[in-house]
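>>> Give me a model of this one.
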Amino acid sequence: QVQLVESGGGLVQAGGSLRLSCAASGNIVRVNAMGWYRQAPGKQRELVAAITSGGSTNYADSVKGRFTISRDNAKNTVYLQMNSLKSEDTAVYYCNADISRISYSVHSFYWGQGTQVTVSS
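The predicted model follows:
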């Protein structure tokens with residue numbers, strides 16, 4: 001089996017920073033793309049940032065210049081550094097990973113359990 005374990009959420013004042021981590025573990029051949037999504041109350045889950053195994057990144061327009069996604073391939077871990085946080089960043093943040101388990105060509109998407117980020121204004 002595969003598990004994605006997130007950490008780093010919490011309560012922070014507007015303008016502050018948080019760093020989220022997500023570690024993949026289990027029967028893994030390779031972790032391909034990884035990303036962070038978020039879901040605010042009453043809203044659909046949306047992509048925040050994603051990173052390929054080669055390090056290419058993309059971001060939602062709302063977080064560009066404030067959030068940075070990175071990864072440590074040796075640890076199968078992805079990070080999300082969030083700076084200049086705003087109240088509208090308040091949401092449950094979910095880690096997502098495209099993981100090959102049996103062979104490189106056989107892969108599935110997995111989700112973490114979610115971590116709450118609350119930004120007080």
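>>> And whichever helix or strand Val12 is part of, what does it pack against?
Val12 belongs to strand 10-13 when assigned by DSSP states H and E. Where contact means 3 or more Cβ pairs under 8 Å, 6 or more residues apart in numbering; DSSP states H and E, strand 10-13 is packed against strand 115-120. Bear in mind the C-beta positions are built from the backbone N, C-alpha and C, glycine included.
>>> which residues does the nearest residue to Leu85 once chain neighbours are set aside bridge with?
Once flanking residues are discounted, Leu85 sits nearest to Val119: 4.6 Å by Cβ to Cβ, 6 or more residues apart in numbering. For Val119, the residues forming beta bridges with it (DSSP bridges) are Val12.
>>> so which strand or helix has Ala97?
Assigned by DSSP H and E, Ala97 falls in strand 91-103.
>>> for that strand, what is the average pLDDT?
For strand 91-103, mean pLDDT is 94.
>>> thinking Gln3 is in contact with Ala24, fair?
Yes - here Gln3 reaches Ala24: they are 7.2 Å apart, a contact under Cβ atoms under 8 Å.
>>> Identify the contacts common to those two.
Tyr110 (Cβ atoms under 8 Å, 6 or more residues apart in numbering).
>>> Comparing the two, which shows the higher neighbour count?
Ala24 (20 against 12; other Cβ atoms under 10 Å).
>>> got a list of what the more buried one touches?
2-4, 31, 34, 76-77, 97, 99, 110.
>>> Show me just the buried residues among those.
4, 31, 34, 76-77, 97, 99, 110 (16 or more other Cβ atoms under 10 Å).
>>> where exactly do the strands run in the chain?
Along the chain, the segments classed as strands by DSSP state E run 2-7, 10-13, 18-26, 30-39, 46-51, 57-59, 67-72, 77-82, 91-103, 106-111, 115-120.
>>> now, of those, which is deepest in the fold?
strand 77-82 (a mean of 22; mean count of other Cβ atoms under 10 Å).
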